[in-house]
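Asks: Need a 3D model of the following:
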Amino acid sequence: MRWDHLRLDGGGPPGGSPGGAADVPLIERRAVARTVDSPEFRGMTFYEVHARTVINKVPEASRVPFRWTINPYRGCSHACAYCFARKTHEYLDLDSGADFDSRIVVKVNAAERVRAELAAPRWRGEHIAMGTNVDCYQRAEGRYRLMPGILAALRDAANPFSILTKGTLILRDLPLLLEAAERTRVGAAVSVGTADRDLARLVEPGAPPPRARLETVAALNEAGIGCGVLMGPVIPYLSDSPAQLESAVRQIADAGAVSVSAITLHLRPGAREWFLAWLREHHPGLVAPYARLYRGGAYAPRDYQERISRQVRELAARHGITGRERRRAAPPRPGAPAPAAPKQLSLL
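Replies: Numbering: from 1, shown residues only. Sure, this is the predicted structure:
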């Protein structure tokens, strides 16, 4: 594999300039590869690396309302056919299909690096978004337990953050989330693109089913962490009918979500090829309609996107999703002033 120029041990490609873009490392040449045979990890390989940096700046051209992210993993066992992050695996000389689903890069020193980077004089305490590339609560987190250390570092630094996940494992870290929320703004959202269990099983085979994710939303809100839902993605012809949207929003409201927003499927290079292959296998009759709908590129036509967003907003209003958090007040610590009510953060 062509990993020498992507290693994390300080070296760059021949002729690269120190500190230049060519020197940005992605994977360590001496990475430890582990294959685990237990049933939940069968067929998966983990590349354990020591990252030089973990808090990463988002490219200026990105369409997201945050500047900094933490991604302790690369690749994702949720195996979502549509995942836009698939292309990033090609930078490691791995493919954006099966390798993305089963060959996971683990930044085993993530918590240590986060704590060091938050303490650096140049850090200004800006909001950090997690789960925006691959899921920080994917199956590997049950084995490596990187998030408790990351959350503890953010808590101790009183640094605002948000988490977007499909993983129910976030509930393991609820005590840390509550402790952090006493000191800073903490936002949470769960991705539930469809309430259709059968569709989710096909298109997101490694992720928890929609019902389990909605139960996670309910548990977070009941505990006092305001949690919304990202309906991402709404999949044309498969989860976008008025009846399907109504069913999804109704169940999201029943789970007590403080907000709901929709994002329509987009098919960037890497994800596009893998998703279309999935479509040919499971819904061959939709190949031609997709060719027409996405003939303009990675995104569905603007009027289609706006129609879906408008329908979801109207359904949210009808079902009483107001955008206001229903938080349970925590008792103040002895001698400490009552904390200000945390603010729900927008993730996407």
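
Asks: Any stretches of the stretch 1-150 of the chain with poor pLDDT?
Replies: Low-confidence segments of the stretch 1-150 of the chain (pLDDT under 70): 1-31, 36-37, 61, 63.

Asks: Tell me where it has strands.
Replies: Ranges of strands within the stretch 1-150 of the chain are 32-36, 44-49, 55-57, 68-70, 73-74, 103-107, 128-130, based on DSSP state E, counting those that start in this stretch.

Asks: Turn these into TSV, columns for mean neighbour count and distance to R143.
Replies: The way it works is simple: take the backbone N, C-alpha and C, and place the C-beta from them, glycine included. Below are those laid out as TSV (neighbours: other Cβ atoms under 10 Å; distance: least, Cβ to Cβ, whole Å):
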stretch	mean neighbour count	distance to R143
strand 32-36	12	7
strand 44-49	20	8
strand 55-57	16	23
strand 68-70	22	18
strand 73-74	22	11
strand 103-107	24	9
strand 128-130	24	18
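
Asks: Nearest to A271 among these would be which one?
Replies: Comparison of these against A271 by Cβ to Cβ identifies strand 73-74 as nearest, at 15.1 Å.

Asks: one step back: would you mind telling me which of the strands of the stretch 1-150 of the chain is nearest E117?
Replies: Nearest of the strands of the stretch 1-150 of the chain to E117, taken as Cβ to Cβ: strand 55-57 at 4.7 Å.

Asks: ok, A119 to A153 distance?
Replies: According to Cβ to Cβ, to the nearest Å, A119 and A153 sit 9 Å apart.

Asks: So between these two, which is more surrounded?
Replies: Taking other Cβ atoms under 10 Å, A119 and A153 do not tie; A153 has more neighbours (23 against 11).

Asks: ok, residues contacting the strand or helix carrying the more buried one?
Replies: Per DSSP states H and E: A153 is located in helix 147-156. Residues outside helix 147-156 that contact it (Cβ atoms under 8 Å, 6 or more residues apart in numbering): 70, 72, 110-112, 114-115, 118, 128, 130, 136-137, 141, 161, 173, 176-177, 179-180, 183-184.

Asks: Can you give me the buried ones in the helix or strand that it is followed by?
Replies: Following helix 147-156 in sequence order, the next helix or strand is strand 161-165 (DSSP H and E). By neighbour count with 16 or more other Cβ atoms under 10 Å, strand 161-165 contains the buried residues F161, S162, I163, L164, T165.

Asks: repeat for stretch 100-118
Replies: Across stretch 100-118, burial judged by 16+ other Cβ under 10 Å covers 100-115, 117-118.

Asks: Ok, stretch 223-237 next?
Replies: Going by 16+ other Cβ under 10 Å, stretch 223-237 has these buried residues: 223-236.

Asks: on that earlier part again, tilt between the helix holding A153 and strand 161-165?
Replies: When axes from the mean of the first three to the mean of the last three Cα atoms, to 10 degrees is applied, the directions of helix 147-156 and strand 161-165 differ by 150 degrees.

Asks: Now do R155: how many residues are near it, please.
Replies: Per other Cβ under 10 Å, the neighbour tally for R155 reads 20.

Asks: Please tell me how far it sits from D173.
Replies: As judged by Cβ to Cβ, R155 and D173 stand 11 Å apart.

Asks: go on, P301?
Replies: Using Cβ to Cβ, one gets 40 Å for the distance from P301 to D173.

Asks: So between these two, which is more surrounded?
Replies: Neighbours per residue (other Cβ under 10 Å) separate P301 from D173, with D173 holding more: 19 against 14.

Asks: so is that one in a helix, a strand, or just coil?
Replies: Following DSSP: H, G, I helix; E, B strand; the rest coil, we place D173 in the helix state.

Asks: and S309, what does it touch?
Replies: S309 neighbours (Cβ under 8 Å, 6+ apart): S261, A262, T264.
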